[in-house]
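Undergrad: Prediction below, plus the sequence it came from.
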Amino acid sequence: MSDSEQQTTRLRQLPAISALLDEMGKEVARWGHSEVTQGLREHLAQLRNDILEGGDASIDVADIRQAVAAQLAARAAPSLVPVFNLSGIVLHSNLGRANLAETAVAAVTAVATGASNLEFDLANGKRGDRESHVEGMICELTGAEAATVVNNNAAAVLLALNTLAMGQRVLVSRGELVEIGGSFRIPDIMARAGCTLVEVGTTNRTHLSDYQAAAGDASLLMKVHTSNYRIDGFTSCPPEQELSTLAADNGMPFMIDLGSGNFIDFPALGLPREATVADALKNGADLVTFSGDKLLGGPQSGLVAGRADLIAQLKSNPLKRALRLDKMTLAALAETLKLYRDREQLPETLPTLRLITRSAGDIRLQAEKLLPVFEAALGPAFQVGVEDTLSQIGSGSLPVETLPSSALVLKPLSGNDAELRALAGALRRLPRPVIGRVHQGALWLDLRCLEDDEATLLVHQLDELTL
Ligand SMILES: *Cc1c(COP(=O)(O)O)cnc(C)c1O
């Protein structure tokens, strides 16, 4: 038989879809008739191509069934899944930032699965305000007159700029023209808000007189917390109180983009100092913008706190409607804020704070316990050790400060880079992917974010590791 005759025969031998469907009752019951039919069509088309290209893929019914069943299962698997964050960065933007508290998760489930009083006033039976569920608490926790909430802090900055200074000039120090990961850049957001950026001073030093010289025809003075870097050495910028006075003297509001929102006294917990929203307001900020899912430990959201007349203007900007929060986020945010009423319990109840305040000794102990488990799972081709390391808070919170921690350090004995990459890949393919950090020819698993119940889960799935 010639090649082309052989191909024609094999094409003719391909099973019919109806015959395959008869064999795949279990899959049809699981995934539905149209999904299985579609899967079969695609697979048969691939087989036809393969035959025409002279390939020898199996056209056996059992093999086709198995291949299509595997494809259907892969298609149904979720794309967005939980992972183990062993990167050493607590608030990792690519890994979802803050972990929600249990009470916040319960509140999300409750409002997601049924109707709620999102915009309904239960006291008088009339239409209500969705922000009523959080505004009072934000004021209580920051000392602000009023507050509003949007999708994230980038949206909060956009809304504030557009409301207070569209078509007008905004003063920002050259040293504060920051870019935050994920393409948030002050000059770009300023342009999109319709404002003209006026750069004041120099990169390392900006004086009150620089602001004064530019203040004449400006409508807003904005200070940006340089949250993901620090300029050291010969630097200066005027204190917030002086900027506040200068803005007031020139009849314009003073706004601070704080980036990471913080409500608590960090040094009291043995952590480095981080400005609080209340400090910024006390120093004379008219508006403060900050994130809900950085140090605050809540869902992705942007909060604005400050003067009642300015907040009212923000709320009546048509953009506000486009940036508003959904019910699930509001539910999670409300419960997160509530936890702050009991400050003593907060390092236990708020996962972000619990992870940040975890002691190095505790993490070390856990690492030593896990060491033999990893040695057994990886086999003799790898060396496993416990090393001191430094975690970061992440998401631009306290960028220069680090937290002493411990890591499991996994190293191929061969020193081979491909083997190291294969190990990292195998850990990422586990049912709950494990994300570490490659450093100095080894894979570092910083255990700061591995709480004890999660460690059990991690140990159990190591049986499935295939190197
Ligand atoms: C993180 C950050 C933002 C952006 O906040 P998102 O909540 O990520 O949108 C804006 N400004 C500063 C200073 C930040 O640190």
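TA: Structure received.
Undergrad: contacting residues for residue 170?
TA: Shown in contact with residue 170 (Cβ atoms under 8 Å, 6 or more residues apart in numbering): 161, 190, 195-198, 218-222. (Each C-beta comes from the backbone N, C-alpha and C, glycine too.)
Undergrad: tell me the secondary structure for it?
TA: Recorded secondary structure, residue 170: strand (DSSP: H, G, I helix; E, B strand; the rest coil).
Undergrad: Residue 110 and the ligand: what is the separation?
TA: Residue 110 sits at a distance of 25 Å from the ligand (criterion: Cβ to the nearest ligand atom, to the nearest Å).
Undergrad: ok, and that residue, which helix or strand is that part of?
TA: helix 102-112 (DSSP states H and E).
Undergrad: After that helix, which helix or strand is next?
TA: Counting by DSSP H and E, what follows helix 102-112 is strand 120-121.
Undergrad: For that following strand, give the mean pLDDT please.
TA: Strand 120-121 carries an average pLDDT of 98.
Undergrad: Can you flag which of the contacts of residue 170 belong to strands?
TA: For the contacts of residue 170, membership in strands holds for 196-198, 220-222, with DSSP state E as the criterion.
Undergrad: circling back to that earlier point, contacts for the helix holding residue 110 next, please.
TA: 100, 116, 118, 298-299, 327-328, 330-336, 338-339, 349.
Undergrad: Just give me the residue closest to the centre of this protein.
TA: residue 96 (2.9 Å; Cα atoms, centre = their mean).
Undergrad: re earlier: buried set for the helix holding residue 110?
TA: 104, 107-108, 111 (16 or more other Cβ atoms under 10 Å).
Undergrad: so can I have a markdown table of those residues showing pLDDT?
TA: Below are the buried residues of helix 102-112 laid out as a markdown table (pLDDT from 0 to 100):
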| residue | pLDDT |
| --- | --- |
| 104 | 98 |
| 107 | 98 |
| 108 | 98 |
| 111 | 98 |
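Undergrad: which stretches of the stretch 1-150 of the chain form strands?
TA: 84-85, 120-121, 126-127, 146-150 (DSSP state E, counting those that start in this stretch).
Undergrad: Show me the beta-bridge partners of whichever residue of the chain sits closest to the ligand.
TA: Nearest residue of the chain to the ligand, counting by Cβ to the nearest ligand atom: residue 259, 2.4 Å away. With DSSP bridges as the criterion, residue 259 is bridged to residue 290.
Undergrad: what's the neighbour count on it?
TA: Applying other Cβ atoms under 10 Å, we find 25 other residues in the vicinity of residue 259.
Undergrad: Check residue 99 too.
TA: The number of residues packed near residue 99 is 21, by other Cβ under 10 Å.
Undergrad: residues touching residue 257, list them.
TA: So residue 257 contacts 153, 157, 222-225, 288-290 (Cβ under 8 Å, 6+ apart).
Undergrad: May I see those residues arranged in JSON lines, with pLDDT as well?
TA: Converted to JSON lines, those look like this (pLDDT from 0 to 100):
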{"residue": "153", "pLDDT": "96"}
{"residue": "157", "pLDDT": "97"}
{"residue": "222", "pLDDT": "97"}
{"residue": "223", "pLDDT": "97"}
{"residue": "224", "pLDDT": "94"}
{"residue": "225", "pLDDT": "89"}
{"residue": "288", "pLDDT": "98"}
{"residue": "289", "pLDDT": "98"}
{"residue": "290", "pLDDT": "97"}
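Undergrad: What about the ligand: which of those touch it?
TA: The residues of the contacts of residue 257 that also fall near the ligand, by Cβ under 6 Å from any ligand atom, are 153, 157, 224-225.
Undergrad: Return the subset of those residues lying in strands.
TA: residue 224.
Undergrad: Would you mind listing what in the protein touches the ligand?
TA: 152-154, 157, 180, 184, 224-225, 227, 257, 259-260, 291, 302, 396.
Undergrad: so which one among these has the lowest pLDDT?
TA: Among those, residue 227 carries the weakest pLDDT, at 65.
Undergrad: The buried residues of helix 102-112 into a markdown table, with extra columns for distance to residue 71?
TA: Shown next, in a markdown table, are those (distance: Cβ to Cβ, whole Å):
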| residue | distance to residue 71 |
| --- | --- |
| 104 | 37 |
| 107 | 38 |
| 108 | 33 |
| 111 | 36 |
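Undergrad: and the two most separated of those residues?
TA: Taking Cβ to Cβ as the measure, the buried residues of helix 102-112 span a maximum distance of 11.3 Å, between 104 and 111.
Undergrad: mind giving me the domain ranges of this structure?
TA: 3-76, 84-92+355-464, 102-349 (automatic domain parsing).
Undergrad: backbone phi and psi for the residue nearest to the centre of the chain, please?
TA: phi 90, psi 10 (degrees, to the nearest 10).
Undergrad: returning to that earlier point: redo the strands of the stretch 1-150 of the chain as TSV? Include mean neighbour count.
TA: Compiled in TSV, the strands of the stretch 1-150 of the chain are given as follows (neighbours: other Cβ atoms under 10 Å):
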stretch	mean neighbour count
strand 84-85	24
strand 120-121	13
strand 126-127	8
strand 146-150	24
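Undergrad: among these, which is nearest residue 420?
TA: The nearest among the strands of the stretch 1-150 of the chain, by Cβ to Cβ, is strand 84-85 at 18.3 Å.
Undergrad: show me where the stretch 301-450 of the chain has strands.
TA: 302-306, 382-391, 403-412, 434-435, 437-439, 442-446.
Undergrad: Buried residues in the fifth one, which are they?
TA: When burial is assessed from 16+ other Cβ under 10 Å, strand 437-439 yields the following buried residues: residue 437.
Undergrad: Parallel or antiparallel, list what pairs with that strand.
TA: When DSSP bridges is applied, strand 437-439 pairs with strand 442-446 (antiparallel).
Undergrad: Kindly report the same for the second one.
TA: The sheet places strand 382-391 alongside strand 403-412 (antiparallel), with pairing taken from DSSP bridges.
Undergrad: now the helices for the stretch 351-467 of the chain?
TA: 351-356, 360-378, 417-428, 452-461 (DSSP state H, counting those that start in this stretch).
Undergrad: picking that back up, buried among the contacts of helix 102-112? Need that as a selection in PyMOL.
TA: With 16+ other Cβ under 10 Å as the burial test, the buried ones among the contacts of helix 102-112 are selected in PyMOL as follows:
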select buried, resi 100+116+298+299+327+328+330+331+332+333+334+335+336+338+339+349
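Undergrad: distance between the helix-or-strand element of the chain with minimal mean pLDDT and the chain's centre?
TA: Counting by mean pLDDT, DSSP states H and E, the chain has its least confident helix or strand at strand 179-180, which shows a mean of 77. Between the centre of strand 179-180 and the centre of its chain there are 15 Å (Cα atoms, centre = their mean, to the nearest Å).
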